[in-house]
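K.L.:
After the sequence you'll find the predicted model.
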Amino acid sequence: MDHWLDVRITLEQAATLGSRPRGGQIRTTLTHVPGSVLRGALAKVWINAHGAPTPEHPRRTEFEALFEGDLIFRPSYTGGFPLSHAILRHKRRPSPQCRPAWDRALDQECPTAGECPTCGGPLEEATGQLPAPDGPPDRGARPRGLRRDMHVEISRQSGTAVDTRLFEREVVPRGTVFRGGIAGRKGAVDLLTQLLDLCTGRVVLGGAGSTQGMATIELTAGPAPTLERVPGSDRQAILRLASPGVFVDQFGRPAPVPDTAELEDLLQAEVRLTNPWSDPRWDVHGGWHAASGLPKPEERVVAAGTTYLVRTAQPLTDTALQTLAMQGLGLRRHEGYGALATTRSCGAAV
């Protein structure tokens, strides 16, 4: 991947985003745009314009370049990446005199007894919570800004409401702005620009697309992001998962760490990978395949926020870190899995 695009997504309508189907009367939403949701919305634009990409379709190679590997659709967030598991923070609201958090991957001195040295209150590891756009991570059951809309199921046969079939749907409100990135090869980036011109930059995100989810997408070419180095070392870097990672071992079974051989190939150096701050947290991810109207297979994934320390036998070059930052790690990267929290060269979060 040699090109980077900054992505800005603005909701023109409320949206329900990417949460896997669950039983019950409340249909929940994510508060960010997964790479798979953005990829699916753009694929729908292509299919509506050119038809289903069957093997004999004359533009099949164009579809594959856009959606099957030449572009990596990263997740887009409103307030920053999921909090790293290397971060220690107060379990309860800290006093004004307290330091709110410590990053064990960067701070030389961190509390070791699980208590704040100022107030004596208990500390806990962050577990991938999303920061709020205007403040610290939300601690309630659901983040701020969401609302619930009441709906009634409509019969496909009669077109009228079905008795006793009410449900609530969580939605992210209109006007919400998400920021993310897309990495890709030049030919695929050019095709993506043409596709957005075709739909005038407007796509439908998430479920219930007939009544909600309209959004505007803006792409801006930008410099390649990079990864954090351990202060004072040119042979150590910090890898923080910005989205769930799909890692497997040599037998195809779920693994808690990325493949070392893959890392060595990307970094062009001998690698030792550790997770010194916390054990990886497992999660299960599924989704909905809109083209077929069927659920996607569920994957056992390593949760966003999981943080690894990379040590190399040779000094890490800036080019190698930029390549890894753009490509990510593991399987299904073009859908947004295995994305890494990145920084600009000036240190600003991307």
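P.N.:
Good, I have the coordinates.
K.L.:
which ones are touching the closest residue in space to residue 221 that isn't next to it in sequence?
P.N.:
Nearest non-adjacent residue to residue 221, counting by CB to CB, 6 or more residues apart in numbering: residue 5, 6.0 Å away. The C-beta positions use only the backbone N, C-alpha and C, and glycine is treated the same way. Contacts of residue 5 were listed using CB atoms under 8 Å, 6 or more residues apart in numbering, and they are 181, 182, 183, 184, 189, 192, 219, 220, 221, 222.
K.L.:
which phi and psi does residue 5 have?
P.N.:
Backbone torsions of residue 5, given as degrees, to the nearest 10, read phi -120, psi 130.
K.L.:
For it, list each beta-bridge partner.
P.N.:
Judged by DSSP bridges, the bridge partners of residue 5 are residue 182, residue 221.
K.L.:
where's it relative to residue 88, distance?
P.N.:
Using CB to CB, to the nearest Å, residue 5 is found at 35 Å from residue 88.
K.L.:
Mind telling me which residue is nearest the centre of the chain?
P.N.:
residue 75 (3.3 Å; CA atoms, centre = their mean).
K.L.:
Mind giving me the ChimeraX select for the contacts of residue 5, buried ones only?
P.N.:
Those of these that count as buried under 16 or more other CB atoms under 10 Å are selected in ChimeraX with:
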select :181,182,183,184,189,192,219
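K.L.:
if we take the contacts of residue 5, which one ends up nearest to residue 117?
P.N.:
Residue 117 lies nearest to residue 181 out of the contacts of residue 5, by CB to CB, at 37.6 Å.
K.L.:
I'd say that closest one and residue 74 touch.
P.N.:
Yes: look at residue 181 against residue 74 with CB atoms under 8 Å: they come within range, at 4.8 Å.
K.L.:
so what sits against both of those two?
P.N.:
Common neighbours of residue 181 and residue 74 (CB under 8 Å, 6+ apart) are residue 7.
K.L.:
circling back: so which of the contacts of residue 5 would you say is closest to residue 296?
P.N.:
Among the contacts of residue 5, and counting by CB to CB, the member closest to residue 296 is residue 182, at 20.8 Å.
K.L.:
contacting residues for that closest one?
P.N.:
Neighbours of residue 182 in contact, by CB under 8 Å, 6+ apart: 4, 5, 7, 71, 72, 73, 74, 189, 192, 219.
K.L.:
Three-state assignment for the last one, please.
P.N.:
The assignment at residue 219 comes out as strand when based on DSSP: H, G, I helix; E, B strand; the rest coil.
K.L.:
Quick check: it vs residue 4, distance?
P.N.:
In terms of CB to CB, residue 219 sits 10 Å off from residue 4.
K.L.:
Quick one: the contacts of residue 5 as a markdown table, columns for distance to residue 275 and pLDDT too.
P.N.:
Listed next are those as a markdown table, based on distance: CB to CB, whole Å; pLDDT from 0 to 100:
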| residue | distance to residue 275 | pLDDT |
| --- | --- | --- |
| 181 | 25 | 95 |
| 182 | 28 | 96 |
| 183 | 25 | 95 |
| 184 | 30 | 94 |
| 189 | 34 | 96 |
| 192 | 35 | 96 |
| 219 | 34 | 95 |
| 220 | 35 | 95 |
| 221 | 35 | 94 |
| 222 | 30 | 90 |
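K.L.:
how about the contacts of residue 5 in TSV, adding distance to residue 127?
P.N.:
Formatted as TSV, the contacts of residue 5 follow (distance: CB to CB, whole Å):
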residue	distance to residue 127
181	24
182	27
183	27
184	31
189	35
192	34
219	32
220	32
221	35
222	30
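K.L.:
Out of the contacts of residue 5, flag the one nearest to residue 242.
P.N.:
Using CB to CB, those come closest to residue 242 at residue 181, 9.8 Å.
K.L.:
Could I get the contacting residues of that closest one?
P.N.:
4, 5, 6, 7, 74, 222, 225, 342, 350.
K.L.:
Which of the residues you listed sits closest to residue 66?
P.N.:
Using CB to CB, the contacts of residue 181 come closest to residue 66 at residue 5, 13.0 Å.
K.L.:
Look at that closest one and report its pLDDT.
P.N.:
Per-residue pLDDT puts residue 5 at 95.
K.L.:
Now do the helices in the stretch 101-250 of the chain.
P.N.:
All helices of the stretch 101-250 of the chain, identified by DSSP state H, counting those that start in this stretch, fall at 186-198.
K.L.:
For it, which segments are assigned as strands?
P.N.:
101-103, 123-125, 147-154, 161-171, 177-184, 202-204, 214-221, 228-229, 236-240 (DSSP state E, counting those that start in this stretch).
K.L.:
Quick check: which of those strands is nearest to residue 60?
P.N.:
Nearest to residue 60, of the strands of the stretch 101-250 of the chain and by CB to CB, is strand 177-184 at 18.3 Å.
K.L.:
Poorly predicted segments of the stretch 1-150 of the chain, please.
P.N.:
19-26, 132-145, 148-150 (pLDDT under 70).
K.L.:
ok, longest helix in this protein?
P.N.:
The longest helix of the chain (DSSP state H) is helix 35-50.
K.L.:
What are the buried residues along that helix?
P.N.:
Neighbour-count burial for helix 35-50 [16+ other CB under 10 Å]: 35-46, 50.
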